[in-house]
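Sequence first, predicted coordinates after that:
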2 protein chains.
Amino acid sequence: MTSQDVANLAGVSRTTVSLVLNNVEGFKIRRDTRQRVIKAARELGYVPDAAAQALASRRARIIGLILTRFPHQISTDAFITQILEGLFDIIHQNDMRLLIDIIEPEHQHEAYLQLVRANRIDGILLSGPRLDDDALRVLETENFPTVLIGQLPNASFCSVDVDNRAAATMAVAHLINLGHERIAFISNAPLTYTAAVDRKDGYRIALEKAGIPYAENLVRSADFTVESGYQQMADLLESELEFSAVFVASDIVALGAKSAILRHGLKIPQDIALVGFDDLPFAQYVDPSFTTIHLPTIDLARRATELLIKLLEGEQPDSSHILLETDLVIRESCGANLRKIL
Amino acid sequence: MTSQDVANLAGVSRTTVSLVLNNVEGFKIRRDTRQRVIKAARELGYVPDAAAQALASRRARIIGLILTRFPHQISTDAFITQILEGLFDIIHQNDMRLLIDIIEPEHQHEAYLQLVRANRIDGILLSGPRLDDDALRVLETENFPTVLIGQLPNASFCSVDVDNRAAATMAVAHLINLGHERIAFISNAPLTYTAAVDRKDGYRIALEKAGIPYAENLVRSADFTVESGYQQMADLLESELEFSAVFVASDIVALGAKSAILRHGLKIPQDIALVGFDDLPFAQYVDPSFTTIHLPTIDLARRATELLIKLLEGEQPDSSHILLETDLVIRESCGANLRKIL
DNA sequence: TTGTAAGCGTTATCAC
DNA sequence: GTGATAACGCTTACAA
């Protein structure tokens, strides 16, 4: 079943079939010819061969979503599905498809360059950029259409993100407003991830603003997973360091931290107040429900995809660094909402 | 950068380059020639063009993962990420890629046939088959390589699944063993999904075995989401029907049900005992933690992918209907584990 | 307004 | 053992 078959049935050439079916601008095709072609195509159930189309047109009509995570970090990552929801929204509108790949940060650093070199994908959507990702630098010099969901300092990529630093500051300021002074911090991810660095910076800034000294030993680093949150919090609790609150820069990690706190015989928020980050769907259903920073994740993905598609179409995007708003969502994990954040 | 460039640099023909790089069997290539080709390819950073390769070989080396869901059901679906983890495990081993598509059950019933017709994907992995999916029947008659994660009665597809009916029976039997007689049921999804039907059947069977009459008005249907779980449970509670336990055939839906119960001023498990299904990662972190049916989801995806790849390679799989084991995981949502299930 | 023909970069079938 | 050469099914100048 090829375009030739359609051409035969419609009594035209393959060229005409292509022109009609692709709605090519600048060609005036007679009404009836056009109708005949469309009818023939429909009758035969003709669908153009994707490989042939890609080879000839140099466009695969596929967007690649790259996640730099370890496999074991995937199954609990509630962020991913939110990204997918936003992504498909736009991708379907544009008749494109999604190829998704998980790249292990350490080993296959350059695995996604293969996708690019093979022309398998027209553009990349990269979630969670890392500072030490050399392959990303290659994409930059090659000017390959790429949009980051997240940010990378000193890079020329388009990006869609939230102001992680400001959001983290807001979270910690909330705790400070509630009277806490000894506030621990657990990052969402290793500090090679820019989002982790920014959230940690935000924590530091909030302390500074309040004149509270920054204590390195109250700062821990998790790695996306519930387990890492449990471990880091258990470690903090066993260290016998004093703190009355903790800012955990990821709701998933916070789930583990919460579990460690409870299993240590302490209560949230009475003994330890907790603020999370991301406002994942489950955050309002755990007990106590998480006071957390709401991220417009679905929208983030939507905007990033729109931006990428503009790039692919050669349009100059209005702005190449989009920053969406975050909110502090106050629930139960910090206790009564006595004072509202300024 | 084409295979011609590699051929030139190595001083051989494109044919030889192809033979060497693809490790084609049955051709004896001289050692040094082989080395020269490999070296040249590496030096040039040559990566074969995927479209050209697909066009010539009639294999895209892409597997399609099809999810038949509504967009709004995606973002909270913790099942998907688990599937992804297992999938990538096998896909990476086989140097294939993953194209993922979400197909809305109502509108775009046949959207994934396009993928097939365009030869964009070599095989389909379909999660959550529906009884009313006509497009699936087309795949069947066309004998397109397809593996279901789930099951479809009277269909010839290979499938990997758990015994949903038996698992549900086990869940409800647990409640009965604990002394409950009025047990409500909330499905995971509409009853067009085979898994939903099977779990409901399991519920019924457990009741029958215990001689407890099946009460239609204690049976509700949810649609994957937390919200639907909340609504159905709120509805049950407002109905003033008597029941001391509920079997919710999905942990996500159970999250909403739990919330409705608590907001109704009732306690779990004291007032209402709850058993979930899936054992999603968060199930042990909610409060009370869910007694639930553990599904080996990652393994399910792994086995399904292995099966599909076998199919693609023309091998006859050992068994075309794989059934993996489930366990009842006893936690807090049913109260003290007084009597152990037989 | 439509058709002819030359690619696109592989793989695969033959010869040599 | 290796090299021509013909597909693969489409797009796109260019010609008519």
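Yes, it's here.

Going along the chain, name the helices of chain A.
For chain A, the helices identified by DSSP state H occupy A:3-10, A:14-21, A:31-44, A:50-57, A:78-93, A:111-117, A:134-142, A:164-177, A:194-209, A:226-238, A:251-263, A:297-312, in order along the chain.

Using CSV, please lay out these together with mean neighbour count and mean pLDDT.
Backbone N, C-alpha and C define where each C-beta goes, glycine included. Supplementary listing: these in CSV, determined by neighbours: other CB atoms under 10 Å in any protein chain shown; pLDDT from 0 to 100:
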stretch, mean neighbour count, mean pLDDT
helix A:3-10, 18, 93
helix A:14-21, 18, 94
helix A:31-44, 15, 93
helix A:50-57, 19, 96
helix A:78-93, 23, 94
helix A:111-117, 20, 92
helix A:134-142, 15, 91
helix A:164-177, 22, 98
helix A:194-209, 21, 98
helix A:226-238, 21, 97
helix A:251-263, 25, 96
helix A:297-312, 22, 97
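
The residue in chain A that DNA strand C sits nearest to: neighbouring residues, count only.
Of all residues in chain A, A:K28 sits closest to DNA strand C, at 2.6 Å by CB to the nearest atom of the strand. Using other CB atoms under 10 Å in any protein chain shown as the criterion, A:K28 is surrounded by 7 other residues.

swap in A:E315?
Residues near A:E315, counting by other CB under 10 Å, number 10.

Roughly how far does it sit from chain B?
24 Å (CB to the nearest CB, to the nearest Å).

Model confidence score at that residue, please.
pLDDT recorded at A:E315 is 86.

what's near enough to touch it?
A:E315 makes no contacts at all, as judged by CB atoms under 8 Å, 6 or more residues apart in numbering or on different chains.

if I look at it, how far off is A:C158?
Distance, A:E315 to A:C158, using CB to CB, to the nearest Å: 12 Å.

Tell me the residues of the stretch 51-200 of chain A that contact DNA strand D?
Among all residues of the stretch 51-200 of chain A, those adjacent to DNA strand D (criterion: CB under 7 Å from any atom of the strand) are A:52-53, A:55-57.

ok, now how distant is the residue nearest the centre of chain A from B:F88?
Of all residues in chain A, the one closest to the mean position by CA atoms, centre = their mean is A:S127, 4.2 Å from it. Applying CB to CB, one obtains 15 Å for the distance of A:S127 from B:F88.

Kindly report the same for A:Y203.
Between A:Y203 and B:F88 the computed distance is 33 Å (CB to CB).

try A:R14
Applying CB to CB to A:R14 and B:F88 gives a distance of 39 Å.

For chain B, state which of the residues of the stretch 51-200 of chain A next to DNA strand D is nearest.
Comparing those against chain B with CB to the nearest CB places A:L55 closest, at 4.1 Å.

residue contacts, that closest one?
Residues in contact with A:L55 (CB under 8 Å, 6+ apart) are B:49, B:51-52, B:55.

got the domain boundaries for chain A?
The record, using automatic domain parsing to delimit domains, assigns chain A the ranges A:3-57, A:62-162+A:297-324, A:164-295+A:328-341.

Tally up the residues packed near the closest residue to A:L125 other than its chain neighbours, please.
Spatially, and ignoring its direct neighbours in sequence, A:L125 is nearest to A:L65 (4.9 Å; CB to CB, 6 or more residues apart in numbering or on different chains). For A:L65, the tally of surrounding residues (other CB under 10 Å) stands at 24.

what does the one 10 residues further on give?
A:S75 has 22 neighbouring residues, counting by other CB under 10 Å.

Quick one: residues contacting it.
With contacts defined as CB under 8 Å, 6+ apart, A:S75 is in contact with B:81-82, B:84-85, B:281, B:297-298.

out of these, which touch chain A?
Among these, proximity to chain A is found for B:81-82, B:84-85, B:281, B:297-298 (CB under 8 Å from any CB of the partner chain).

quick one: contacts for A:E332?
Contacts of A:E332 (CB under 8 Å, 6+ apart): A:269, A:287-291.

Just give the nearest non-adjacent residue to the residue nearest to the centre of chain A, would you?
Once its chain neighbours are removed from consideration, A:S127 has its nearest residue in A:I149; the separation is 4.3 Å (CB to CB, 6+ apart).

Just the pLDDT at the one you found, thanks.
In this model, A:I149 carries a pLDDT of 97.

same thing with A:T146?
At A:T146 the predicted local distance difference test score is 96.

Please name the residues that touch it.
So, once contact is read as CB under 8 Å, 6+ apart, A:T146 ends up touching A:123-126, A:136, A:139-140, A:157-158, A:308.

cool, A:H264 as well?
A:234, A:237.

What of A:S159?
By CB under 8 Å, 6+ apart, A:S159 lies in contact with A:147-152, A:304, A:320-322.

rerun that using 6 Å as the cut-off
Neighbour list for A:S159: A:148, A:151, A:321 [criterion: CB atoms under 6 Å, 6 or more residues apart in numbering or on different chains].

So it versus A:R61, what's the distance?
In this structure, A:S159 lies at 23 Å from A:R61, with CB to CB as the measure.

Identify the spatial nearest neighbour of A:I205, chain neighbours not counted.
Excluding its sequence neighbours, the residue lying closest to A:I205 (CB to CB, 6+ apart) is A:T169, at 5.0 Å.

doesn't A:G202 make contact with the one you found?
Yes. Contact between A:T169 and A:G202 holds when scored by CB atoms under 6 Å: they sit 4.2 Å apart.

can you list the residues of the stretch 1-150 of chain A near chain B?
Counting by CB under 6 Å from any CB of the partner chain, the residues of the stretch 1-150 of chain A lying close to chain B are A:47, A:49-52, A:54-55, A:71, A:74-77, A:80-82, A:84-85, A:88, A:97-100, A:102, A:114, A:117-120.

nearest spatial neighbour of A:S13, skipping sequence neighbours?
Among residues not flanking A:S13 along the chain, A:A7 sits closest, at 5.6 Å (CB to CB, 6+ apart).

Surely the one you found is in contact with A:R14?
Yes. Between A:A7 and A:R14 there is a contact at 4.8 Å, judged by CB under 6 Å.

Now do the contacts for A:R331.
For A:R331, the contacting residues are A:289-291, by CB under 6 Å, 6+ apart.

any idea how far it lies from A:V275?
Remark: distance between A:R331 and A:V275 (CB to CB) = 10 Å.
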